[in-house]
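Asks: Have a look at this prediction, sequence included:
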Amino acid sequence: MKRLIDAHPPGPRRRSYLDGVRAAAPIGVAALVFGVSFGVLARAAGMGRVAPVVMSATTFAGSAQFAVASILGAGGGLATAIVAAVLLNLRYGPIGLSAATTFSGPWWRRALSAQLIVDESWAIAQQDDGRLDRHLLVGAGLLLLVCWTLGTAIGAFAGDLVADPEALGLDAAFPALFLALLWSQVRERSRLLAALGGAAIALALMPFTGPGVPIVAASLACLVGARKPS
Amino acid sequence: MTAVWISVIVVGLATMVIKAAGPLLLARRTPPPRAQGALEHLAPALLAALVVTQALGGDNGGFTIDARLAGLAAATAALLLRLPLLVVITVAAVTAALVRVVS
């Protein structure tokens, strides 16, 4: 991890919120451009200008928001849109569990900090031992929240200036980020097994379930670690 | 109230509750060693599932093979060469963009 993210100086120095912001900067660019495309798509789907921006600032979960916009836009109905979005976001159940001991303080502060968990901020905060760095998570989450919401506003209010994120290859940046962060975690054999198991479960379910379900089911692969207390 | 605002409010509240559940329910106790072992293996399992679904997922479920896969292959090469994270991500995006220009 320290080797991969060059913004981190070597050594056991405590990470700051600013380290999280720096580490998330490249993926923040992608979040901004995808935010613009969400704003454009949501407006074209009849969601207006303000609602998409409010949604980005509160729901703060890209794939679920794209699902709501495209389902409502295609006339798919309110219930379908809500169920699809909640299914997509169920993965934040197991992701939140893995971050359960990361936050401290009174309940409202833990609940508020947990809102900054998105796939990317959670991935960036990973330590090699499977724990999460709170400062990295909060710094990265705040930057991504700003980029995503700002991008949505630009798309919803000034959608004509858009760049197409796929033409820029930005959709390939996300799997690359997750692979890079996985890379430094699988030196230990049991973690490699968990990763292979998670990938296999996701691959097996993808053709049969809606998006969202494969990731939730893949979390079961963590049980390979249950027989090896550390 | 319109369907749009109902969906914004319901999805927003549901997502907030889901995200906060783990840190609220578990924060004050230390889980037993076996559960702790499983929790420490959640990250690689979820990261691997995210790699697979983000690289191969289609818009409506199922698989879509496209330029993202070339980007992921380039990212793998960059990781084998021990290049830093920023370079890995950039290489993936540029590769996918070039494949789309050519194809």
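Replies: Good, I have the coordinates.

Asks: Show me what the helix or strand harbouring A:A42 is packed against.
Replies: Per DSSP states H and E, A:A42 falls inside helix A:17-44. Contacts defined by 3 or more C-beta pairs under 8 Å, 6 or more residues apart in numbering or on different chains; DSSP states H and E place helix A:17-44 against helix A:50-58, helix A:62-73, helix A:119-124, helix A:134-157, helix A:173-183, helix B:85-102. Glycine gets a C-beta too; all of them are placed from N, C-alpha and C.

Asks: between it and helix A:134-157, how many degrees?
Replies: Here the directions of helix A:17-44 and helix A:134-157 differ by 30 degrees (axes from the mean of the first three to the mean of the last three C-alpha atoms, to 10 degrees).

Asks: Give me the distance from helix A:17-44 to the chain's centre.
Replies: 11 Å (C-alpha atoms, centre = their mean, to the nearest Å).

Asks: swap in stretch A:103-110?
Replies: Here stretch A:103-110 is found 21 Å from its chain centre; the criterion is C-alpha atoms, centre = their mean.

Asks: likewise stretch A:82-96?
Replies: Its chain's average C-alpha position is 11 Å from that of stretch A:82-96, according to C-alpha atoms, centre = their mean.

Asks: Helix or strand: which one has the closest residue to B:A20 other than its chain neighbours?
Replies: Excluding the flanking residues, the one nearest B:A20 by C-beta to C-beta, 6 or more residues apart in numbering or on different chains is A:A111, at 4.0 Å. A:A111 belongs to helix A:107-114 when elements are defined using DSSP H and E.

Asks: Below-threshold pLDDT in the chain: ranges please.
Replies: Here I'm looking at chain A. By pLDDT under 70, the weakly predicted segments of chain A are A:1-13, A:160-163, A:228-230.

Asks: sorry, should have said chain B
Replies: Low-confidence regions of chain B, defined by pLDDT under 70, span residues B:1, B:27-29.

Asks: And the helices in it?
Replies: Along chain B, the stretches classed as helices by DSSP state H are B:3-26, B:33-40, B:42-56, B:67-80, B:85-102.

Asks: what's the helix or strand containing A:A217 packed up against?
Replies: Element membership for A:A217, per DSSP H and E: helix A:213-218. Using 3+ C-beta pairs under 8 Å, 6+ apart, the elements in contact with helix A:213-218 are helix A:189-205, helix B:42-56.

Asks: now those helices as TSV including distance to B:V91 and mean neighbour count?
Replies: Shown next, in TSV, are these (distance: least, C-beta to C-beta, whole Å; neighbours: other C-beta atoms under 10 Å in any protein chain shown):
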stretch	distance to B:V91	mean neighbour count
helix A:189-205	21	20
helix B:42-56	14	27
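
Asks: For A:F157, which of the ones you listed is the nearest?
Replies: Of all the helices and strands packed on helix A:213-218, it is helix B:42-56 that lies closest to A:F157, at 28.4 Å by C-beta to C-beta.

Asks: give the contact list for the residue nearest in space to the middle of chain B.
Replies: Closest residue to the average C-alpha location of chain B: B:L50 at 3.7 Å, with C-alpha atoms, centre = their mean. Residues near B:L50 by C-beta atoms under 8 Å, 6 or more residues apart in numbering or on different chains: A:119, A:123, A:174-175, A:178, A:215.
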